[in-house]
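> Sharing a model that was predicted from the sequence below.
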Amino acid sequence: MTPLLGVENLRVGFKGHGGTVTALRDVSFQVAPGKTLALVGESGSGKSVSSLAIMGLLASNARILGGRIRFAARDGRLIDLLGVDARLRRSLRGAEMAMIFQEPMSSLNPLFTVGDQIGEMLLLHEGLDAAARRRRVIEMLELVEIPAAATRLDQYPHEMSGGMRQRVMIALALICRPRLLIADEPTTALDVTVQAQILDLMRRLQAEMGMSILFITHDLGVVAEIADSVAVMYAGAIVEAGDVGPLFDAPGHHYTRGLMASIPRPDRAPGDMLVPIPGVVPPLSALPPGCAFAPRCGRADAACEAPVALRAAGPGTQVACHHPLVAEVAHG
Amino acid sequence: MWRYVLKRLVGLVVVVFFVLTIAFVIVRLAPGDPAALLLGPDATAADAASLRERLGLERPIFLQYLAFLGGAVTGDLGQSIFFNQPVTQVLAQRAEPTVFLALFSLLFAVMIAAPIGIYAAYRRGSFLDQGAVSLAMLAASVPSFWTGLLFQRYLATDLGWFPSSGYGGPDAGFLERMRHLMLPSLVLGIVNSALILRFTRASMLDVLGEDYIRTARSKGMGEARVILRHALKNAAIPIVTVVGLTFALLVSGAVVTERVFNLPGMGNLVVNSVLRRDYPVIQGTLIVVATLYVAINLAVDLLYAVIDRRVKY
Amino acid sequence: MTPGFTRLLFARRSVLLAFLVFLAVVVLCLLAPVISPADPAKMSVRARLTPPSGAFLLGADAYGRDVLSRLLHAGRVSLLIGLGVAVLSTLIGVTLGLLAGFVRPLDAALSRLVDAMMAFPDILLAIALVSIFGGSVFNVMLALSIVYAPRFARISRASTLVIRELAFVEAARSLGSGTGYIIRNHVLRNIVSPVIVQATFIFAYAMLAEAGLSFLGVGVDPSIPTWGTMINEGRQYIDTAAFLILFPGLAISISVLSLQITGDGLRDALDPKLSKEL
Amino acid sequence: MRTFRLMAAATLLMGTAIAGPALSQTSLDIAIIGEPQSLDPMMSTQDVVSIVTQHFVETLYTFDSSWNVAPLLAESLPEISADGKTYLIRLRDGITFHDGSAMDSADVVASLERWKTQATRGKGVADRIEAITAVDPLTVQISLNAPYAPLLSLLAFSNSAAAVYPQEVLGETLGAIVGTGPYRLVDHKPDQYIQLARFDGYKPRSEPASGTAGARAALVDELRFVPVPDANTRVEGLLSGQFDYADGLPVEAYDRIAASDAADPVLLDGFGWPVWAINHKAGLLTNRDIRKALQAALPFDDMMFAAFGDDKFFATEAAMYPEGWPWHVTNGTELYNINDPARAAEYLKAAGYDGTPLRILTSRQYEFHFKMAEVAKIALEAAGFTVDMNVVDWATLGQQRNDPALWDIYITHSPFLPEPALTDLYFSTSRLGWANSEKDAVLAAFTTETDTAKRLDLFGQLQGYLMDDVGFIKTGSFAALQGQRKGLTGVNLSPWPAFWNAARP
């Protein structure tokens, strides 16, 4: 089946005072229609850069150094997002691919009512008049389970709670029924209970509207709840990818295992300690020559100084490691 | 909100009280007998004594002060010596050119500064950005009378695009009078655009880094709409603040500019009053301008609430 | 001033350049008695309005006085006024600010007083004061200082209020150190950066204001040459000898511009959070 | 949205062409040097007051173009009795004031009484006037207690003028500005304009116009006097066509105006003379040797050159009246422009000068005052004087010069007045206090003598004493620059330009 979104060998750099720093190194992944891909990693690993590159919202000092992003538009065309002109790209943005952000507090413009801001999508992409927009916005607000939608839409963002605002963001993103929703840590800033509600909502809306989701998070617990497949990023590259089940059962990369060990899991046995990964993510301007994770990896040896690429590891999983965990089991 | 307004109004009253006190003290500190000063060289001692009596200068200073405050509160700022008219009346006659000069200058300043400031922020670090910032700094470094002299000399006298001075004759209608204000306003506008440009640029830079601008872009709108609808409204608050601040600069600049262009405004009046030793007029102008400044700043603060619903008082 | 600070200050070439330009202006004016090609007061009326030439590098004024020499000497007064206002307004302002911050009962009244002082536009108040007390250099300086002092009062009051409440002050107090110690070691140390930055700008504004007053003929005693009085004297020759207002005008603009750029650089280096404000 | 409308309006305004609204009326815009102190010429000695008020307020006499006294509201020159003590003045018949009332002797008597008690120059002659009486409705008689030759000139002078007002408006201050002139006051916006309109009831004299004497036609409908305190602004306004006439222009602007196709320069040769007034009441200069040192040290050439820049604007001449004036005499002129520091030093030595500063009080209201002082200071210091320049503004100078303790010299200037006795500096009663028994005897004779030839001889002696005793110092003569629109005709060009016969092309 043709993927809805295919990212191939994407390379992105940032121009800074000391020259250009590479933020994404040959990143490739696919999002299947109606499915959810979770992009996982610590901050600075390149997940947000990837999502912004797809949306075409990179900062002005960012440069696409190579690669392709293919998107299957509603009319059946397969569009290379990096090659098309700005106007087509803009018409896709919002209408066919939409994005919600981590900070519901700051992602809404404080000086416009939420109704205005959601309705603006309809104005931009469907050219509806004010009355029609209002009807649609109310419908959408009801869909994202905002009570008293008809009065809420005249409120300003600061009059709402965090959870409500994220619902508004979701309503805003989904009102034009995009084929792809990019959610960049949409629940990180929220309370745990609200987090669960939002995830439920997204799952439900995905089922109803049939869209694909690119879900960006550092939280493996969330991944387990919402994603179909996972790609783990580290220092601007994907180090492991695969379906959620196999990957969670048997992570192939030492970094993935480290991540899983560092989060509390509901099924954790008494006495299991949380083990943080030692060290910090190296700055992008000073990456080690081979495997970027090697300096923090307990298993690293001289071989790890050689470059390493993703390769098939198990059923439906790929891993970029000179000493993958599955291989060790096989040897042992 | 109303509580806040009330609180601010009380603050304003206190500030105005200090303004009045300072103005009173300044004039009372003048060396020599105020009555003799007021009457000029030809006056006799008897004249001075009778004027002192009439002005109440024989009373204890504290009573004079109270009388002065009482007068000011009831809108009596004393009597102009030169014009032999109430100071308030003299000032009222000079208000029109000054007020419109201020308005037009501000308008020109914003018209110059806002687009450049916005564009400079949008193209941060570009050649145009650096050029605009340097120009703004230069505009703020050149004395306004210098610009005024050159503009008057070349744009008015030589090219004849503007009247070179004055405020129109007896049959000058409103439009004609305003036409006389265009060149001086342009001069003041250019000088004052500097601060507004820098504020606009800085606050646009802040706003352009905000998450909701990214959200706006993610909605698929054009850059013009992002900038003009989503960014500008948010950047407006600091800009409004600086426009309030500019008022003080404007008054200072207006004194010089009114002089160069011979506008019958309050600035020119003050300079003339210095030469005429008309202290009550100087004092009255100080009071009126300072009070206006305080009131405008209050108005600006209240305007925030209208622009931004988040501001709670 | 650590080497790191200096590097930060001059990170932008324009700031370094501006600083050097200003330094050059100051040094030239300080050296005026030594380097002036002529006595600034020496008249040779037969040479009046001579354009710039070998004998008069920047020309001669209406009395046949050497413009370059006058420019250098006048610069001393203009710079002195700028510097004097910067120092005096800092002293007045910081004192008021500290008083308001530390003497609670005075706070409300002092703050309103500061508001009132700030409400008077600089030129207007200076005109009033100079017209009443006379146009000495000191009176002009004092008048402008009164107008600009409130800015420093606000900075130091705000800082004082914050620092007063901080734990380390409590600790310092409990260790028996007095208010003087707290002011010296905590408050002043904290406000020194914004005050220096602000003082740089006041320096520039004061020079501009002085020029404006002199232009109006209500500033410094006109027999004392300043750049402002030079423009005022020269303006009637705008057609026959435009260089008479060109050079002092440039001198003011260059000094003010280089000061302002240096001020910007100082602000970026000393106090990054301030840099957003202007 | 409102902003946009404003912006549009602003753009529109800027685009409008220079031409003002079409007028069926003709008018002249005249730039004057500042707001007049008063619109009552009786109460002011400012030239700008005279310039404006002569158009609506008139005197009994005035001056023709040769500075001879000529009748204005009076029918003819007065009949003076043989002893010179009684002046019989016949008034013109049928003169009406702007308020419609007819002028008669009662109005004139009341006006002269006010002049005598309130005007500076009137007060100066008050003790010589015994009575001012109305003989009949059209005849007034002034009786003096001794002959006083300058009286007619005083009555003719527009400065501290013996102006004629209707009896009804007279008081300490005027009830209304009501005169008999060819124009009447319509509107006065201080610092903005003074608007005059033709007075339809004006009855011009039948003689041809000469100076301010003779027929006054009121050719244009309106005169607007616009106070423009800044000299350069007046120049710009004249050159841009905004003003039809401009007074008090800096001589530096001469070439520019001459080169312009909008206006012509008006150079008034022999306009006036700068005065160094000397304090004889107190201080350093009460010593005659020090006065002589001052006279010997001053570099008059350089002072005048620095002050006026070009030979066509000044003359270094000592005589109190330039050649061509009836009062031109040469007594004592050899003491002028010695410019010898050594001689000055000798005088100083003789005086036992101890370095006490010579205090020169001046202002920058008139740039040339200040410039002369600047040049003089250097020369005086070279001669051994210690000089203390006190530069104040004009109003302060006006106050300080009344206190003899504050100055040794103050600087001012005077136009050449039609009658020497109008210059009060000669009199020991002036603020200078120049008393000298021989000089005072000559002066007394001069003011009472009525024979012209004898008066000229007496004036020559007076000038001799002035130079020898250094009563005050005339540093030279200077021209004044005014400017008028090209093609403007009929302006009475004088220190007090008059516009009733002026017409635009």
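In hand now; what should we look at? Numbers count the residues shown, from 1 in each chain, chains lettered A, B, ... in the order given.

> pLDDT score for residue 86?
Picked chain A for this. You'll see A:Ala86 listed with a pLDDT of 81.

> if you could check chain D rather than the one you did, that'd help
On pLDDT, D:Thr86 comes in at 93.

> Look up how far D:Ile80 lies from it.
Plainly put, D:Thr86 is 7 Å away from D:Ile80 if you go by Cβ to Cβ, to the nearest Å. Bear in mind the C-beta positions are built from the backbone N, C-alpha and C, glycine included.

> what about the strands in the stretch 51-200 of chain D?
D:61-63, D:69-71, D:79-80, D:86-90, D:129-136, D:139-144, D:183-189, D:193-198 (DSSP state E, counting those that start in this stretch).

> Give me the sheet partners of the longest strand along chain D and which way each runs.
Criterion DSSP state E: the longest strand present in chain D is strand D:263-278. Sheet pairing for strand D:263-278, assigned by DSSP bridges, gives strand D:409-415 (antiparallel), strand D:472-474 (antiparallel), strand D:477-485 (antiparallel).

> contacting residues around the shortest one?
Counting contacts by Cβ atoms under 8 Å, 6 or more residues apart in numbering or on different chains, the residues outside strand D:472-474 that touch it are D:273-278, D:294-295, D:298, D:318, D:320, D:425, D:432, D:434, D:466.

> Export the longest strand of chain D to PDB, keeping only CA atoms.
Extracted in PDB, the C-alpha atoms of strand D:263-278 (Å, rounded to 0.1, in the frame of the first residue of the first chain):
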ATOM      1  CA  ALA D 263      12.200  89.200  -3.900                       C
ATOM      2  CA  ASP D 264      14.500  92.200  -3.900                       C
ATOM      3  CA  PRO D 265      16.800  93.400  -1.000                       C
ATOM      4  CA  VAL D 266      16.000  96.800   0.400                       C
ATOM      5  CA  LEU D 267      19.200  98.300   1.800                       C
ATOM      6  CA  LEU D 268      18.600 101.300   4.100                       C
ATOM      7  CA  ASP D 269      21.900 103.100   4.100                       C
ATOM      8  CA  GLY D 270      22.600 105.100   7.200                       C
ATOM      9  CA  PHE D 271      20.000 103.300   9.100                       C
ATOM     10  CA  GLY D 272      21.500 103.700  12.500                       C
ATOM     11  CA  TRP D 273      24.400 103.500  14.800                       C
ATOM     12  CA  PRO D 274      25.600 101.100  17.500                       C
ATOM     13  CA  VAL D 275      25.900 102.700  20.900                       C
ATOM     14  CA  TRP D 276      28.300 101.800  23.600                       C
ATOM     15  CA  ALA D 277      26.600 103.400  26.500                       C
ATOM     16  CA  ILE D 278      29.000 104.400  29.300                       C
END
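
> Next secondary structure element downstream of that strand?
helix D:288-297 (DSSP states H and E).

> could you say what helices and strands that next one packs with?
Helices and strands touching helix D:288-297, as assessed by 3 or more Cβ pairs under 8 Å, 6 or more residues apart in numbering or on different chains; DSSP states H and E, comprise helix D:341-351, helix D:367-383.

> Of the strands of the stretch 51-200 of chain D, which is nearest D:Ala344?
Nearest to D:Ala344 among these is strand D:61-63 (40.0 Å), distances taken as Cβ to Cβ.

> Report the strands that pair with the closest one, each with its relative direction.
Strand D:61-63 is paired, per DSSP bridges, with strand D:69-71 (antiparallel).

> what about the helices and strands packed on helix D:288-297, which gets the closest to chain C?
helix D:367-383 (5.7 Å; Cβ to the nearest Cβ).

> Give the other helices and strands that the closest one contacts.
Using 3+ Cβ pairs under 8 Å, 6+ apart: helix D:367-383 touches strand D:263-278, helix D:288-297, helix D:300-308, helix D:341-351, strand D:358-363, strand D:387-392, strand D:409-415.

> which one of those lies closest to C:Ile146?
Counting by Cβ to Cβ, C:Ile146 lies closest to strand D:387-392 out of the helices and strands packed on helix D:367-383; the figure is 23.0 Å.

> and the closest one, anywhere near chain B?
No: contact of strand D:387-392 with chain B (Cβ under 8 Å from any Cβ of the partner chain) is absent, the minimum separation being 11.0 Å.

> hey, C-alpha coordinates of that strand in CSV?
Extracted C-alpha coordinates of strand D:387-392, given in CSV (Å, rounded to 0.1, in the frame of the first residue of the first chain):
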residue,chain,number,x,y,z
VAL,D,387,37.2,92.5,30.5
ASP,D,388,34.2,90.8,31.9
MET,D,389,31.6,90.1,29.3
ASN,D,390,28.1,89.7,30.6
VAL,D,391,25.9,88.2,27.9
VAL,D,392,22.2,88.3,28.9
